[in-house]
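Enquirer: Structure of the sequence below:
(2 chains)
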Amino acid sequence: AQSVAQPEDQVNVAEGNPLTVKCTYSVSGNPYLFWYVQYPNRGLQFLLKYITGDNLVKGSYGFEAEFNKSQTSFHLKKPSALVSDSALYFCAVRDTGSNYQLIWGAGTKLIIKP
Amino acid sequence: DSGVTQTPKHLITATGQRVTLRCSPRSGDLSVYWYQQSLDQGLQFLIQYYNGEERAKGNILERFSAQQFPDLHSELNLSSLELGDSALYFCASAFGGDANTGELFFGEGSRLTVL
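Expert: This is a model prediction of the structure:
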């Protein structure tokens, strides 16, 4: 079955430190991978995507993600965390089955402490 | 601002009742997606419409229905409401008909509380 896993419910990082939010996936065929962010009381916002090409994808707000085919991972990273990065982060993969919908991870709460 | 408008923002109702949630997609977008977000089940895809036609169905209950009108706005109807239907309901829009690009534009959601 196709799936996405975000193994950490919560990640705590000090402001200024690098951050990583983990995502692993399981799909048949080539994966289309996405990261979204949800700030409190807001809808989800698209951050970045990987479809093909360079394994390091750059997105909004200084975030980037690294696609690793052998490890079936797509971890979200940022070199220097800001308090304003505190939010809920969702990883998603396109279902390569019949309906091509996005399959969503459970979300990881990122807390950046001053 | 994503350009997607959802109304109402908050709704409190009783079990057994029926409610309608409305979504206006971003200008030019043909697809509308409905999602349910709850604490215990995360983000669940309910249904997608593309240019007025149902495109894909997810975990949508039979008590729920949706439609997309000629002006491309969409409504999600929830009937015979149960306590477990309390959740945040999101609408998202996209230009294309499938998740190929994956860039969905989400509204701010309608928070439904069933008492």
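Enquirer: Now do the contacts for the nearest residue in space to B:Leu81 that is not next to it in sequence.
Expert: Among residues not flanking B:Leu81 along the chain, B:Val114 sits closest, at 4.8 Å (C-beta to C-beta, 6 or more residues apart in numbering or on different chains). Placement of C-beta: from N, CA and C, glycine included. Contacts for B:Val114 (C-beta atoms under 8 Å, 6 or more residues apart in numbering or on different chains) come out as B:Thr13, B:Ala14, B:Thr15, B:Gln17, B:Leu81, B:Glu82, B:Leu83, B:Gly84, B:Asp85, B:Ser86.
Enquirer: again, but for A:Asn55
Expert: A:Glu66, A:Phe67, A:Asn68, A:Lys69.
Enquirer: Which one (most neighbours) among the residues you listed?
Expert: Of those, A:Phe67 is surrounded by the most neighbours, 20 neighbours in total, counting by other C-beta atoms under 10 Å in any protein chain shown.
Enquirer: from chain B, which residue is nearest to chain A?
Expert: B:Phe106 (3.3 Å; C-beta to the nearest C-beta).
Enquirer: residue contacts, the closest residue to that residue other than its chain neighbours?
Expert: In this structure, B:Phe106 finds its nearest non-sequential neighbour in A:Gly43, 3.3 Å apart by C-beta to C-beta, 6+ apart. By C-beta under 8 Å, 6+ apart, A:Gly43 lies in contact with B:Ser2, B:Val4, B:Phe90, B:Ala92, B:Phe106, B:Gly107, B:Glu108, B:Gly109.
Enquirer: can you count the residues close to the spatially closest residue to B:Arg18 that is not a sequence neighbour?
Expert: Distances taken as C-beta to C-beta, 6+ apart place B:Ser79 nearest to B:Arg18, at 4.2 Å, with adjacent residues excluded. Neighbourhood size, B:Ser79 [other C-beta under 10 Å]: 15.
Enquirer: Does B:Ser79 touch B:Ala66 like I think?
Expert: No - assessed by C-beta atoms under 8 Å, B:Ser79 is found out of contact with B:Ala66, at 11.9 Å.
Enquirer: Quick check: the residue nearest to B:Leu81 vs B:Leu21, distance?
Expert: B:Val114 sits 13 Å away from B:Leu21, taking C-beta to C-beta, to the nearest Å as the criterion.
Enquirer: tell me the phi and psi of the closest residue to B:Asn51 other than its chain neighbours?
Expert: Closest residue in space to B:Asn51, ignoring its immediate chain neighbours: B:Leu30 at 4.6 Å, by C-beta to C-beta, 6+ apart. Per-residue torsions, B:Leu30: phi -100, psi -20 (degrees, to the nearest 10).
Enquirer: Relative to A:Ala87, how far out is B:Leu30?
Expert: Counting by C-beta to C-beta - B:Leu30 and A:Ala87 are separated by 29 Å.
Enquirer: more crowded one of these two?
Expert: More crowded of B:Leu30 and A:Ala87, by other C-beta under 10 Å: A:Ala87, with 21 against 18.
Enquirer: Now do that one against A:Val37, distance only.
Expert: Taking C-beta to C-beta, one finds A:Ala87 at 5 Å from A:Val37.
Enquirer: Pull up the gap between the spatially most central residue of chain B and B:Arg63, please.
Expert: Nearest to the geometric centre of chain B sits B:Trp34, at 3.0 Å (C-alpha atoms, centre = their mean). Computed with C-beta to C-beta, the distance linking B:Trp34 and B:Arg63 is 14 Å.
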